[in-house]
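Visitor: please find the sequence and the predicted model below.
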Amino acid sequence: MRIMEKVVPFRGIRYNQNAIAQIGRVLAPPYDVISPAQQKALYDNDGHNVVRLILGYEYETDTDTDNRYTRSAETLGKWLEGGTLSRELMPAIYLYAQDYEMDGRAFRRVGFICRRLVEPFGQSVHRHERTLSGPKLDRLKLTRACKMNFSPIFGLYADPEKTLDAVWAQIIKSKKPDVYAKDDEGVVHQMWVVTDQAVIAQAQSNLQDKDVVIADGHHRYETALNYRNERRAAEKPDGPAEYDYALMFLSNSLGEGFTVLPTHRLAKGVDERALKDLLNRLAESFDVKPVKFDPADPAPFMAVLKSAGATAPSFGVIAPGGVPSVITLKKEKYLAGDTGGLSDVLRLLDVSVLQELVFERMLGITKEAVADKAVIGYTISPKDAAQSIAKGETKIAFLLNPADVRVVMDVAIKGGVMPQKSTYFYPKLISGLVFNPLS
């Protein structure tokens, strides 16, 4: 039986930089973080922005034959025919570096974009978060219409030897990037087209037996799996097909430049009676420590939260008229009660404690309800959380510490699934650098 390569090069489809005014103007964030206002700005910014492919406008007059997906396919065809997009002459992998600043420090995250074999979770690809049916159906309709992966899935692997990191460093040092762009957040995106067979073979060999954990793009990965299954059932191919692989960015989780931000919870649709008694109920299971919270400078509050989180599950609580507090799970509550089949590591993550103990038992907010934006909102900014409280949009906010990427890897590889939006890997991968054709 032939062993399929887990990582393969491909002839990617890219913007022809001679046909567009400026590469940075046609790139965009991933579809799922683009707000309606940003969608319009991207549309207006350039007539060839990738947003027209990944997140087209919807209209009340849409039909089965004229909708955002068919319009994306039509636009894609025009750009290919007109030379806005062109296909790589030789199979390649695409070295991708992101340079950014965080808290006054400079970081660089490096990895490469390739085709990665699609397989069910639990073999060598692992998820760390739950997914929702709505986004998966949306992405599946787009994939069916365009037969293309437009945005890479973000995958993590662990290599303490940093074998490929050294290869990437040498390429970055010796060659100018084929693509260079700076986004609105000041993040610099650089990409090198790598066709050297020896380098590609080294990447393939290094990743063939390594587990990959999805950091971002769970819905896109499951969509790729569903699309593969559809095509296989319909076509019954004799061997590997292009749709057996998905566009993926792979980066060493033990390398440099990893920033995982917390995703704070904004409780909006909360029962007033449950909320009124919440602080008393929290005191039964948590040590409650009042801490000054300055909306203009949340750093001191977050520093106290970080310190508390180093010893036990902890999170911050701010509410209208209430005393801002850092609450820490009491030691005697650590392993009390039914484990629900969860490992201790997963069960005692801050987000798990918040979901299971506070949201579900104290506030009656189920896992399903957490997916409803009218019930729970999310932000990576403590300032935005405070502003939402001040505007009366949020009844109570829960501030979290960031997850440790090593814990995320460990939980996922062992089959655990963290609550939705447990992580925010910063910066996001930009869309528009290279596309993966599936036919």
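Guide: Arrived safely, thanks for sending.
Visitor: ok, the residue lying closest to Leu164 once chain neighbours are set aside - contacts?
Guide: Spatial nearest neighbour of Leu164, chain neighbours left out: Asn206 (5.5 Å); criterion: C-beta to C-beta, 6 or more residues apart in numbering. Placement of C-beta: from N, CA and C, glycine included. With contact taken as C-beta atoms under 8 Å, 6 or more residues apart in numbering, Asn206 is in contact with Asp159, Thr163, Leu164.
Visitor: which of the helices or strands spans the nearest residue to the second one once chain neighbours are set aside?
Guide: What sits nearest to Thr163 in space, not counting adjacent residues and going by C-beta to C-beta, 6+ apart, is Asn206, at 5.6 Å. Using DSSP states H and E, the element containing Asn206 is helix 197-207.
Visitor: Asn49 too?
Guide: Using DSSP H and E, Asn49 falls outside every helix and strand.
Visitor: shaky segments in the stretch 1-150 of the chain?
Guide: Scanning the stretch 1-150 of the chain with the threshold set as pLDDT under 70 gives 1-3.
Visitor: the strands in it, which residues?
Guide: Along the stretch 1-150 of the chain, the stretches classed as strands by DSSP state E, counting those that start in this stretch are 7-8, 13-15, 85-87, 93-102, 105-117, 125-126, 148-149.
Visitor: low pLDDT regions in the stretch 301-439 of the chain?
Guide: For the stretch 301-439 of the chain, residues meeting the criterion pLDDT under 70 lie at 332-344.
Visitor: what are the ranges of the strands in it?
Guide: Under DSSP E, counting those that start in this stretch, the stretch 301-439 of the chain gives strands at 314-318, 325-329, 376-379, 396-399, 424-426, 436-437.
Visitor: contacts for the last one?
Guide: In this structure, residues lying in contact with strand 436-437 by C-beta under 8 Å, 6+ apart are 10-13, 87, 115, 147-149, 242, 245-247.
Visitor: ok, now with 6 Å
Guide: For strand 436-437, the surrounding residues in contact (C-beta atoms under 6 Å, 6 or more residues apart in numbering) are Ile13, Met148, Asn149, Leu247.
Visitor: can you tell me how far the most far-flung residue of the chain relative to its centre is from Leu95?
Guide: Distance to the chain centre peaks in the chain at Asn280, reaching 35.8 Å (criterion: C-alpha atoms, centre = their mean). According to C-beta to C-beta, to the nearest Å, Asn280 and Leu95 sit 55 Å apart.
Visitor: cool, and Gly56?
Guide: As judged by C-beta to C-beta, Gly56 and Leu95 stand 30 Å apart.
Visitor: which one's more surrounded, the two?
Guide: Here Gly56 and Leu95 are set side by side on neighbour count (other C-beta atoms under 10 Å), and the busier one is Leu95, at 24 against 21.
Visitor: hang on, that one packs against Phe112?
Guide: Yes. Shown here, Leu95 and Phe112 form a contact pair, counting by C-beta atoms under 6 Å, at 5.1 Å.
Visitor: for Ser422, see how far away Ile34 is.
Guide: For Ile34, the distance to Ser422 - C-beta to C-beta - is 21 Å.
Visitor: so for those two, which sits in the more crowded spot?
Guide: Counted by other C-beta under 10 Å, Ile34 and Ser422 do not tie: Ser422 has more neighbours, with 25 against 18.
Visitor: and the residue nearest to the spatial centre of the chain, what are its bridge partners?
Guide: Nearest to the geometric centre of the chain sits Asp216, at 2.6 Å (C-alpha atoms, centre = their mean). Beta bridges link Asp216 to Phe154, judged by DSSP bridges.
Visitor: what does Gly111 give?
Guide: Note on Gly111: beta-bridge partners Tyr96, judged by DSSP bridges.
Visitor: now do the contacts for it.
Guide: Tyr96, Phe249, Leu250, Ser251.
Visitor: and if you look at Gly24?
Guide: Residues in contact with Gly24 (C-beta under 6 Å, 6+ apart) are Ala181.
Visitor: quick check: bridge partners of Thr328?
Guide: For Thr328, the beta-bridge partners are Asp287, Ser314 (DSSP bridges).
Visitor: count of neighbours near Pro177?
Guide: For Pro177, the neighbour count with other C-beta under 10 Å is 17.
Visitor: let me fix that: Asp384
Guide: For Asp384, the neighbour count with other C-beta under 10 Å is 17.
Visitor: state the distance from the residue nearest to Leu164 to Val199.
Guide: 11 Å.
Visitor: ok, now Leu305?
Guide: Counting by C-beta to C-beta, the gap from Leu305 to Val199 is 43 Å.
Visitor: who has more neighbours out of those two?
Guide: Neighbours per residue (other C-beta under 10 Å) separate Leu305 from Val199, with Leu305 holding more: 25 against 20.
Visitor: in the stretch 201-350 of the chain, which spans are helices?
Guide: Ranges of helices in the stretch 201-350 of the chain, per DSSP state H, counting those that start in this stretch, are 218-235, 272-276, 278-285, 299-309, 344-347, 350-353.
Visitor: hey, which of those helices is tucked in deepest?
Guide: Greatest average neighbour count among the helices of the stretch 201-350 of the chain goes to helix 350-353 (a mean of 22), per mean count of other C-beta atoms under 10 Å.
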